[in-house]
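A.B. asks: got a sequence here, can you model it:
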Amino acid sequence: MTTRILIADDQEDIRHGFRLILDSQPDMTVVGEAADGSTAVDLARDLRPDLVLTDIRMPRMDGLEVTRLLAGPEAEHPTRVVVVTTFDLDEYVHTALRSGACGFLLKRSGPGLLIEGVRAAMAGDTLISPQITVRLLSRLADRQDRIPPADPLTAREREIARLVARGLTNAEIGTELFISPGTAKTHIANVQAKLAVRNRVGIAAWAWETGLASPRP
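C.D. replies: Next up is the predicted model:
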């Protein structure tokens, strides 16, 4: 199946570059472009793309609000949104994840990660630029005011959440815990329901905030 993609970025050269990269893939096609956030929301609701790539800083409406409207809990027809931006401020990352984004990529990461991010989102996984993940995990691991990890999860589900926060796929979680990818997927769905989050990134954000996740040794 072909993934239908809408690109939202106020820079025409960026939109053109992303279109060339994505249209070169046999399983992807760009169905629309928007130069501002308000137009992006209107086009997404009209074209019903499978996925929206959005920058953060745009005229009329920023990408964080675009993400909330299209992927947030109040979205009438939830759409996968991957944020692709130059700005990797922690505040932006956390807001995007809480708003339902299923990926947060930096433009400087290159075309390979962009393609991988789209495919991960369509597969139900998430991708965050590695440099952002390492920084967030390191900072949150050092915080002294973290929320105690009192939660509704079982011991196995907490382990699942910890591995999701490390960026592992279902297959990798299965290998780590000696379970099948299908069983890992079921555990992840249960964790999402208990934490009332929309996707894996929501699980990861929760794990970071509670201190459950920690950087690799």
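
A.B. asks: name the next helix or strand following the lowest-mean-pLDDT helix or strand in the chain along the chain.
C.D. replies: Of all the helices and strands that make up the chain, helix 130-142 has the lowest average by mean pLDDT, DSSP states H and E, namely a mean of 62. Tracing the chain C-terminally past helix 130-142 and defining elements by DSSP states H and E, one meets helix 155-165 next.

A.B. asks: in that following helix, which residues are buried?
C.D. replies: Using 16 or more other CB atoms under 10 Å as the test for burial, helix 155-165 gives 157-165. For every residue, glycine as well, the C-beta is placed using N, CA and C.

A.B. asks: repeat that for stretch 169-185.
C.D. replies: In terms of neighbour count (16+ other CB under 10 Å), stretch 169-185 has its buried residues at 169-170, 173-174, 177, 179, 183-184.

A.B. asks: among the residues you listed, which are in helices?
C.D. replies: Within the buried residues of stretch 169-185, membership in helices is found for 170, 173-174, 177, 183-184, as judged by DSSP state H.

A.B. asks: which two in those residues are spaced the farthest apart?
C.D. replies: Farthest pair in these (CB to CB) is Asn170 and Leu177. Separation: 10.8 Å.

A.B. asks: helices along the protein, start to end?
C.D. replies: Assigned by DSSP H, the helices in the chain fall at 12-23, 37-47, 63-71, 90-98, 111-122, 130-142, 155-165, 170-177, 181-195, 200-210.

A.B. asks: quickly, which of those helices bottoms out on average pLDDT?
C.D. replies: Taking the mean pLDDT of each of the helices of the chain, the lowest value is held by helix 130-142, a mean of 62.

A.B. asks: how about CSV for the buried residues of helix 155-165, with distance to Ile128 added?
C.D. replies: Written out in CSV, the entries for those read as follows (distance: CB to CB, whole Å):
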residue, distance to Ile128
Glu157, 21
Arg158, 20
Glu159, 20
Ile160, 18
Ala161, 15
Arg162, 16
Leu163, 14
Val164, 11
Ala165, 10
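
A.B. asks: okay, and the common contacts of Asn170 and Leu177?
C.D. replies: Listed as contacting both Asn170 and Leu177 by CB atoms under 8 Å, 6 or more residues apart in numbering are Ala184.

A.B. asks: number of nearby residues for Ser109?
C.D. replies: Ser109 sits with 17 neighbouring residues when counted by other CB atoms under 10 Å.

A.B. asks: cool, and Ile5?
C.D. replies: Using other CB under 10 Å: Ile5 sits among 26 other residues.

A.B. asks: quick check, it in contact with Arg48.
C.D. replies: No: taking contact to mean CB atoms under 8 Å, the distance of 11.8 Å between Ile5 and Arg48 leaves them out of contact.

A.B. asks: re earlier: turn the buried residues of stretch 169-185 into CSV, columns for distance to Thr86.
C.D. replies: Written out in CSV, the entries for those read as follows (distance: CB to CB, whole Å):
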residue, distance to Thr86
Thr169, 27
Asn170, 31
Ile173, 31
Gly174, 35
Leu177, 37
Ile179, 39
Thr183, 39
Ala184, 34
